[in-house]
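In: Okay, sequence plus prediction incoming.
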There are 2 protein chains.
Amino acid sequence: MNSTIETILHHRSIRKFTNEKLTKEQISLLVRSAQAASTSSYVQAYSIIGVTDTGKRKMLAKLAGEQSYVEESGHFFVFCADLYRHEKMGEWKQEDVTESLESTEKFLVATIDAALAAQNMSIAAESLGLGICYIGGIRNHLAEVDKILGLPKRVIPLFGLCVGYPDHTSSHKQRLPEEHIYHENVYEIEEQVMKQQIAEYDEKISAYYEKRTNGRRKAGWSDQMVSMLAVPKRMDVKEYLLKKGYNKK
Amino acid sequence: MNSTIETILHHRSIRKFTNEKLTKEQISLLVRSAQAASTSSYVQAYSIIGVTDTGKRKMLAKLAGEQSYVEESGHFFVFCADLYRHEKMGEWKQEDVTESLESTEKFLVATIDAALAAQNMSIAAESLGLGICYIGGIRNHLAEVDKILGLPKRVIPLFGLCVGYPDHTSSHKQRLPEEHIYHENVYEIEEQVMKQQIAEYDEKISAYYEKRTNGRRKAGWSDQMVSMLAVPKRMDVKEYLLKKGYNKK
């Protein structure tokens, strides 16, 4: 164990921030930390948009589902998959790179690149005593977010990241048992084993919520998941991606 | 700056490892570090397969494009997007969650979840003095990798991660200029600005390669990228995903 691993294991999402803004130096250190992450074949297929404009922050907070911390955190970053510069380089060098850029493979590459960068930024921020919260909610209204940020073809917003000084303490949400997530050599597929692991986990999560809410809420993890998944959402993501030139082939 | 950020900024991929294996305790600490990452709406939509079987390691190294370190690193992890347990929970509770699971949105969610977890593991490993290397090459032959790991429906291998004790030093590959990756409020789209930034970056990268290879190689970044992208690869990813129940809607 060391301080880095302590930071990692201590992670909890922060949803209330003081109004202290990040400095330019902090933002630069966070961006450089993000960029230091591995990138598939050196493609660096992402961009990060920092939003400081208060009108834009307000709109993004609303579009993300009335998440006030999008507006109020010390800084708000939007991580985008970005193959625009690769398209331009193809044009400049008169090489046709379209089929490659439109492949599902490159959609995966750009998404993974962006996520690795974001997690580096998150750990760096937390190591500095800042709090973070990922905002998948920007995918509720991709076309609007796209317009607010002025994104060209082949640039798509994947998620936001609030970073700032925590103004509350939040508790750690226990994860699935290690032996349920981690398999050796072959995926453990035995249904009774899975069922038992999830049932035990459900009990723990249910007890956690019951305690936290004074008995008002006590759904286990599997109930939460199934209720959520029974209502499909963001079904327009596919079409948006196609329009932006992603995930086509 | 602190030791965590130093670890992050010091990252370089390691492609030669000593033959010392990771201990069970190290593996467990790395998996718990991975699990501590943020997860979209608590879905935890990934699994990690650790491969210790020498026959499987050899096959995976070959499928990944003769990358010997897949076979020789202290441990080899495969990060998978995993919505199988969610499907099972739907079955057990007799709720239809299929449309949700088959959405492009959930493909994104599971991929991002897995990538955040992997980057946590990478930083944790590097903080312990271990080296890492991501292996996108397992996507060269997804169906074969799938079979080797015995993956059920709705579980797909995304990338591998070699972790082990470094047996060489490698140099840091300079990233795109910060101002090229990071934008404020709106995406900087001015073509002459982009072109200039990339031209300056190309010169630096070209000088780096020239020095490292005693003049044998000196392509800049944009030349590298365009040559690579001119040849589409892994065009079967889309079909594989569809077969596994991902990215359909």
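Out: Everything's here; your move.
In: From the geometric centre of chain A, which residue sits farthest away?
Out: residue A:94 (34.9 Å; C-alpha atoms, centre = their mean).
In: Would you verify that that residue is located in a helix?
Out: No. Per DSSP: H, G, I helix; E, B strand; the rest coil, residue A:94 lies outside any helix segment and is coil.
In: Tell me how far it lies from chain B.
Out: Between residue A:94 and chain B the computed distance is 9 Å (C-beta to the nearest C-beta, to the nearest Å). All C-beta spots, glycine's among them, are computed from the backbone N, C-alpha and C.
In: how close does that residue get to residue A:85?
Out: Distance of residue A:94 to residue A:85, computed by C-beta to C-beta, to the nearest Å: 16 Å.
In: packing partners for the strand ranked longest in chain A?
Out: When chain A is parsed with DSSP state E, its longest strand is strand A:155-164. Strand A:155-164 makes packing contacts with helix A:68-72, strand A:75-82, helix A:104-127, strand A:131-135, helix A:142-149, helix B:104-127 when contacts are defined by 3 or more C-beta pairs under 8 Å, 6 or more residues apart in numbering or on different chains; DSSP states H and E.
In: wait, which of those is closest to residue B:141?
Out: helix A:104-127 (12.8 Å; C-beta to C-beta).
In: Does at least one residue of that closest one sit close to chain B?
Out: Yes. Residues of helix A:104-127 are located near chain B by C-beta under 8 Å from any C-beta of the partner chain, namely A:104-105, A:108-109, A:111-112, A:115-116, A:118-120, A:122-124, A:127.
In: Of those residues - the most surrounded one?
Out: Greatest neighbour count in these, by other C-beta atoms under 10 Å in any protein chain shown, goes to residue A:122: 31 neighbours.
In: I'd say that residue and residue B:38 touch.
Out: Yes. If you go by C-beta atoms under 8 Å, residue A:122 and residue B:38 touch, sitting 7.1 Å apart.
In: Pull up the overlap in contacts between the two.
Out: Counting by C-beta atoms under 8 Å, 6 or more residues apart in numbering or on different chains, the residues touching both residue A:122 and residue B:38 are A:11, A:132, A:134, B:116.
In: Of the residues you listed, which is the most crowded?
Out: residue A:132 (26 neighbours).
In: Quick check, that residue in contact with residue A:162.
Out: Yes. Taking C-beta under 8 Å as the definition, residue A:132 is a contact partner of residue A:162 at 6.4 Å.
In: Name the residues contacting each of these two.
Out: Counting by C-beta under 8 Å, 6+ apart, the residues touching both residue A:132 and residue A:162 are residue A:14.
In: Stretch A:42-55 vs chain B: in contact?
Out: Yes. Interface with chain B: stretch A:42-55 contributes A:42-44, A:46-53 (C-beta under 8 Å from any C-beta).
In: Among those residues, name the buried ones.
Out: Neighbour counting by 16 or more other C-beta atoms under 10 Å in any protein chain shown classes A:43-44, A:46-51 among these as buried.
In: Spatially, which residue comes closest to residue A:56, not counting chain neighbours?
Out: Distances taken as C-beta to C-beta, 6 or more residues apart in numbering or on different chains put residue A:148 closest to residue A:56, at 5.5 Å, once the chain neighbours are dropped.
In: just checking, that neighbour touches residue A:59?
Out: Yes. With contact defined as C-beta under 8 Å, residue A:148 counts as touching residue A:59 (5.9 Å).
In: For these two, indicate the residue with more neighbours.
Out: residue A:148 (23 against 19).
In: residue contacts, that one?
Out: Residues in contact with residue A:148, defined by C-beta under 8 Å, 6+ apart, are A:56, A:59-60.
In: Could you tell me which of the buried ones among the residues of stretch A:42-55 next to chain B belong to strands?
Out: Those of these lying in strands (DSSP E): A:46-51.
In: Any chance of those residues in TSV with pLDDT as columns?
Out: Output for those, formatted as TSV (pLDDT from 0 to 100):
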residue	pLDDT
A:46	98
A:47	98
A:48	98
A:49	98
A:50	98
A:51	98
